[in-house]
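Enquirer: Can you look at this prediction? I've put the sequence above it.
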Amino acid sequence: MTDIAGTGRLAGRIALVTGASRGIGAAIARAYASEGAEMILTARTTGGLEEIDDEIRQISGKTSLLVPFDLKDFDAIDRLGAALYERYGRLDILVGNAGVLGTLSPLGHISPKEFQEVIDLNLTANWRLLRVMDPLLRQSEAGRAIFVSSGAARGPRAYWGTYAISKAALEMMVGIYAQEILQTKVRANIIDPGRARTRMRAKAYPGEDPMSLKTPDEIMAPFVALAEAGFAGNGEIVKAQ
């Protein structure tokens with residue numbers, strides 16, 4: 001863990017981060033906690049969530065609300081939205097970070113089952129989150145929805161098949177939502193993390209030297225900026241590096 005010194009830019013704001021047990025999601029959780037946010041963290045692994053919660057307690061002295069579940073359980077997303085409404089009555093920051101790479105291969109070699117699993121997590125789960133959390137974001141004085149995409153979404157890239165398709169569709173979805181919320185206090189944007197030292201990156205580029213890449217903690221500036229109440233951008237694709 002990298003030492004983090006925050007300045008309270010997210011003080012009092014309630015943030016939900018998916019895929020928070022490792023990599024970019026865990027870095028977002030640390031960065032937001034250091035800036036004073038109240039954290040709600042989801043991931044499939046309870047142990048991983050407990051580890052990041054331990055780190056957050058060291059950073060801010062606060063405990064997080066941990067919600068271990070698989071985002072492909074769409075009914076559980078609906079239940080989470082209802083539970084957050086009962087507990088908080090609003091949501092200030094939604095970060096749709098969880099994602100899966102899938103197999104990098106010719107389109108015709110991808111099994112229908114794997115294609116659907118990648119679409120379910122990278123696209124449909126984020127739509128279900130947006131659908132359920134939109135009313136909570138509208139209850140905030142400055143609701144902010146942030147989704148993590150990839151350069152693979154922009155322009156055809158051979159063998160990146162399902163992942164690129166899912167991220168391109170995600171960017172279109174967020175762009176449409178951004179147009180629909182123009183007259184509200186909610187803003188929605190995309191962050192492209194670029195080349196970061198993550199397990200997904202290592203899987204996609206097995207011959208790459210990981211030490212040549214920035215760590216997730218080193219690319220958190222735009223994630224914090226887009227979550228601030230004062231950030232006015234909407235429908236933007238922001239590159240982290």
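Expert: Nice, I can see it. Predicted, not measured: the structure shown is a model, and the values here were computed from it. Residues are numbered from 1 along each chain as shown.
Enquirer: All the strands of the chain, residue numbers only.
Expert: For the chain, the strands defined by DSSP state E occupy 14-17, 38-43, 65-68, 93-96, 144-148, 187-192, 237-239.
Enquirer: Which residue, neighbours along the chain excluded, lies closest to Arg57?
Expert: Thr63 (6.1 Å; CB to CB, 6 or more residues apart in numbering). The C-beta positions use only the backbone N, C-alpha and C, and glycine is treated the same way.
Enquirer: The one you found and Gly23, how far apart?
Expert: For Thr63, the distance to Gly23 equals 22 Å [CB to CB, to the nearest Å].
Enquirer: ok so, going back, would you check that the residue nearest to Arg57 makes contact with Ile56?
Expert: Yes. Assessed by CB atoms under 8 Å, Thr63 is found in contact with Ile56 at 7.5 Å.
Enquirer: Looking at the two, which one has more neighbours?
Expert: Ile56 (23 against 12; other CB atoms under 10 Å).
Enquirer: Go ahead and flag the most central residue of this structure.
Expert: Asn97 (2.0 Å; CA atoms, centre = their mean).
Enquirer: Please enumerate the helices of this protein.
Expert: Assigned by DSSP state H, the helices in the chain fall at 23-34, 46-60, 74-87, 112-119, 125-138, 161-180, 199-204, 221-227.
Enquirer: For Val67, which of these is the nearest?
Expert: helix 74-87 (6.1 Å; CB to CB).
Enquirer: For the residue nearest to the centre of the chain, give me its contacts.
Expert: Shown in contact with Asn97 (CB atoms under 8 Å, 6 or more residues apart in numbering): Val17, Thr18, Gly19, Ala20, Ile24, Gly25, Ile28, Phe147, Val148.
Enquirer: Compile the residues you listed into CSV and extend it with columns for pLDDT, neighbour count and distance to Leu226.
Expert: Listed next are the contacts of Asn97 as CSV, based on pLDDT from 0 to 100; neighbours: other CB atoms under 10 Å; distance: CB to CB, whole Å:
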residue, pLDDT, neighbour count, distance to Leu226
Val17, 98, 31, 13
Thr18, 98, 26, 16
Gly19, 98, 25, 17
Ala20, 98, 32, 17
Ile24, 98, 29, 14
Gly25, 98, 25, 15
Ile28, 98, 31, 11
Phe147, 98, 25, 10
Val148, 98, 24, 11
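Enquirer: now, the most widely separated pair of those residues?
Expert: Once CB to CB is applied, the contacts of Asn97 give Ala20 and Phe147 as the farthest pair, at 14.4 Å.
Enquirer: what's the closest of the contacts of Asn97 to Val224?
Expert: Distances from Val224 to the contacts of Asn97, taken by CB to CB, are shortest for Ile28, at 8.7 Å.
Enquirer: The closest one and Pro222 touch, don't they?
Expert: No. Ile28 is beyond contact range of Pro222, at 10.7 Å (criterion: CB under 8 Å).
Enquirer: Identify the contacts common to these two.
Expert: Contacts common to Ile28 and Pro222, judged by CB under 8 Å, 6+ apart, are absent.
Enquirer: and stretch 201-216, how far apart are its ends?
Expert: Distance between the boundary residues of stretch 201-216 (CA to CA, to the nearest Å) amounts to 11 Å.
Enquirer: go on, stretch 37-54?
Expert: End residues of stretch 37-54 are separated by 15 Å (CA to CA).
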